[in-house]
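Visitor: Next come a sequence and a model predicted from it.
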Amino acid sequence: PEPPAADDAATSTPPPPPSSKKWGAPVLIGQGAGQDTFNSDAQASLRLGVSSNGNAVAVWLLVKNNRTIVYGNNFIAGAGWGTPVVIGHDDSTLQGTGFAEGSSSGPQVAIDKNGNAIAVWWHKHFHTKNSLIPQHLVNGEAVSDAAHIYTNLFVPGVGWGTPMLIQEHLPPEGYSDTYKIGQSSGPPQIPMNAEGNAIVVWPTYYTNGDINHIGMGSITFTSGVWEQASRYDGVPFENNNIGQGVRDIDVAIDDLGFATAVWVGEKQSIYAGRFIGGALAGPPTLIEGDAKPARRPDIAMDSEGNAIAVWEQDTGTGTYSGGISSIWSNRFAIGVGWGTATLIETSDWKDAPLGGDAFGPHIAFDPDGNAIAVWSQHDGVPNNGAWGSIYANYYILGEGWKTPQLIEGKSSKFYAHSPEIAINASGEAVVVWQQPDEKGESSVFANRDLRDMGWGIDAPVETASGSFILPKVGIDSSGKAIAVWTDLEGQIWAGHSE
C-alpha cells in the first residue's frame, strides 16, 4: 500500500487518520497453559490461521499431568467458535499403565481459502524398559527421547481427524552413539497457499558425541497427499564450535507451491534457501554481510514467488553486548535472486523518541507486491526496558523502503511489544500487539492500514481487567479481523472486528 502523500500546501489542514474498525466482546474459546504451570513454551504456543472466507482455526498446548497436549478450536463464519478438542496425543492418560508416555511442543497451523487447515507439532515419546509397546530403535539401540513430526487435518463440516506421523526423526548414517532432536532449535513451520498446498520444514540435530549435524527436514502436502520427506544435514562441526547449525526457521509459500525459508545459521548469520519439490534446491544463501549476531528472521512471499525477509541484528554500540539491535531486510526477486541487506530503520537513543533497540519484526505482502514490516522499538530513556513502541514501514514495489511510522499512541510511557501483522487480498492490513496500562496490566491493542488512507488510530481489542498476552491475528477478504490471545491463567480468548 502506498503511504498517503504529504500535503504541500502550508495553509491546508491534513485529513484526520481513518478510524480503526471496532472490536466486539471477546469470546472464551479454550483453556491453555497458565502462568502457574511454569511452562513458558506452552504459554507461548497459541497459533491462528484465518481463511479468506472468514473461517479460522486456533491451536495451542494444554498442560495436563505434567504432559503437554495439543488442542484446537475452529471458527465458522456466521456460526461462531466450536468446542475445544484434543487434536494431538493425550499421553497424560498413560501414566502408570506401562505404555510409553510423551509430550507435544511447537504446534503450528495453516489454512487455505476454503477453511481446510493443517496442524503440525513435535511429539516426544518417553520410552521406558517397562513399556508395553515397541521402543523406537536407531541402529538396533533403543532411543529414550525420540521426537517426531505429527500432523492433523481439519475439514469444515467434518472436523479434526486423527494424529498422523509424517516424519520419523532419524539420524544420518554413522551417528548411532547419541541421538538428539531438533526440538530445542525451534518448532516445525508450515505455510499453506490458498489452494491448500503446503510444506513443513523443521530443524534437525544429530550428534555422535564429537561431531554435530544441525540441518533441516522438509515434507510437502500436495493435492491432499503427503509426499516423500527430504533432509538437509548442514555443515558438520565439532561440539566446541558454537554458533553453528540451523535454528529459528521461518518459511513462506507462493501460489505455485514453491517455498522459501530463512533461518539463523553459521556464526549467527541469516541464511535463506528455496524449496522445489519439497527439497532444498542448492546450497543455502547468506543474505546479510554483517559480522554481528542476527536473530528472529521472518519471511513473506507474494503470489509470484518474490520474497522479503526481515530480521534483527546488532549494530553500532548500545545496550546489548553486540550493540543496538536494528531491523534489516533483504528481497528475493524471481530471475534475479537475493539483493543486498538493507537497514529499514536507523534510529538510536540520540534520536528519541524514535531510537533504541528494535526487535521482533514481522512482514506481510499485499496483492500488488508491496509489503509492510512491523516491529517493537525501545525509545525514550536508555536502559529502560519499560519504554517501547510499535513501528511500521512500507516496502513499495519499484521504490523500496519508506520511512518508519509510529502506529500506536503510548510510546512515551508504556512498553508495547510482540506485534503481529496480517494483510488480505484487498491490501487491508491489521496489526495487534500487547501493551500494559497504568495498572501494569497487559492489554491487546490493534491498528489498521486502510490501503490508500494510511494507518488509523490504535485501539484496545479488549477492555477487561487482568493481563492478556501474546496475541495472533488474521484477516479475511472482507476486512474482518480475528485475533486470539491468552491470559495469565491460560484461558484462550478470541476477538472479532467489524
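Guide: Yep, that arrived.

Visitor: Which secondary structure element of this structure has the lowest mean pLDDT?
Guide: Across the helices and strands of the chain, the lowest-confidence element by mean pLDDT, DSSP states H and E is strand 137-138, at a mean of 46.

Visitor: Please enumerate the helices of this structure.
Guide: Counting by DSSP state H, residue ranges of the helices within the chain are 40-43.

Visitor: if I read this right, G427 contacts D366, doesn't it?
Guide: Yes - taking CB atoms under 8 Å as the definition, G427 is a contact partner of D366 at 4.0 Å. All C-beta atoms are positioned from the backbone trio N, CA, C, and that covers glycine.

Visitor: For these two, indicate the residue with more neighbours.
Guide: D366 (22 against 18; other CB atoms under 10 Å).

Visitor: Report the contact partners of that one.
Guide: The contact partners of D366, by CB atoms under 8 Å, 6 or more residues apart in numbering, come to 1, 372, 423, 427, 429.

Visitor: Narrow these to those in strands?
Guide: 372, 423, 429 (DSSP state E).

Visitor: Please enumerate the strands of the stretch 251-400 of the chain.
Guide: In the stretch 251-400 of the chain, the segments counted as strands under DSSP state E, counting those that start in this stretch are 259-264, 270-276, 279-280, 285-286, 294-301, 307-320, 323-333, 337-338, 342-343, 358-365, 371-377, 389-396, 400-401.

Visitor: Show the average pLDDT along the fourth one.
Guide: The average pLDDT for strand 285-286 rounds to 95.

Visitor: which one of the ones in strands among the contacts of D366 is nearest G466?
Guide: Nearest to G466 among the ones in strands among the contacts of D366, counting by CB to CB, is A429 at 28.1 Å.

Visitor: in the stretch 151-300 of the chain, what spans have low per-residue confidence?
Guide: Across the stretch 151-300 of the chain, the ranges flagged by pLDDT under 70 are 169-185, 206-214, 234-245.

Visitor: mind checking how far P203 is from F468?
Guide: 30 Å (CB to CB, to the nearest Å).

Visitor: Q167 and S104: what is the separation?
Guide: Separation of Q167 from S104 (CB to CB) stands at 15 Å.

Visitor: Could you check which of the two is surrounded by more residues?
Guide: Neighbours per residue (other CB under 10 Å) separate Q167 from S104, with S104 holding more: 26 against 21.

Visitor: which residues touch the more buried one?
Guide: 61, 68-70, 88-89, 121-124, 150.

Visitor: now do 6 Å
Guide: Counting by CB atoms under 6 Å, 6 or more residues apart in numbering, S104 touches 68, 70, 88, 121, 123.

Visitor: thinking again about what came up before, make JSON lines from the strands of the stretch 251-400 of the chain and add mean neighbour count and distance to I76 to it.
Guide: Below are these laid out as JSON lines (neighbours: other CB atoms under 10 Å; distance: least, CB to CB, whole Å):
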{"stretch": "strand 259-264", "mean neighbour count": "26", "distance to I76": "29"}
{"stretch": "strand 270-276", "mean neighbour count": "21", "distance to I76": "32"}
{"stretch": "strand 279-280", "mean neighbour count": "18", "distance to I76": "36"}
{"stretch": "strand 285-286", "mean neighbour count": "15", "distance to I76": "42"}
{"stretch": "strand 294-301", "mean neighbour count": "23", "distance to I76": "27"}
{"stretch": "strand 307-320", "mean neighbour count": "21", "distance to I76": "32"}
{"stretch": "strand 323-333", "mean neighbour count": "22", "distance to I76": "36"}
{"stretch": "strand 337-338", "mean neighbour count": "14", "distance to I76": "41"}
{"stretch": "strand 342-343", "mean neighbour count": "15", "distance to I76": "42"}
{"stretch": "strand 358-365", "mean neighbour count": "23", "distance to I76": "24"}
{"stretch": "strand 371-377", "mean neighbour count": "27", "distance to I76": "29"}
{"stretch": "strand 389-396", "mean neighbour count": "23", "distance to I76": "31"}
{"stretch": "strand 400-401", "mean neighbour count": "16", "distance to I76": "39"}
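
Visitor: Could you export those strands as CSV, including distance to S443?
Guide: Formatted as CSV, the strands of the stretch 251-400 of the chain follow (distance: least, CB to CB, whole Å):
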stretch, distance to S443
strand 259-264, 31
strand 270-276, 33
strand 279-280, 42
strand 285-286, 40
strand 294-301, 24
strand 307-320, 25
strand 323-333, 25
strand 337-338, 39
strand 342-343, 31
strand 358-365, 18
strand 371-377, 15
strand 389-396, 13
strand 400-401, 30
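
Visitor: Greatest separation within the contacts of D366: which pair is it?
Guide: Between any two of the contacts of D366 (CB to CB), the greatest distance is 9.6 Å, for I372 and G427.

Visitor: N74 versus the residue lying closest to N53 once chain neighbours are set aside, what's the distance?
Guide: The shortest distance from N53 to any non-neighbouring residue, by CB to CB, 6 or more residues apart in numbering, is to G115 (5.9 Å). Applying CB to CB, the value for G115 to N74 is 8 Å.

Visitor: I29 now?
Guide: Plainly put, I29 is 9 Å away from N74 if you go by CB to CB.

Visitor: follow-up on the earlier one: could the ones in strands among the contacts of D366 be laid out in TSV, adding distance to N197 and pLDDT?
Guide: As requested, those are exported to TSV (distance: CB to CB, whole Å; pLDDT from 0 to 100):
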residue	distance to N197	pLDDT
I372	25	98
I423	20	97
A429	25	97
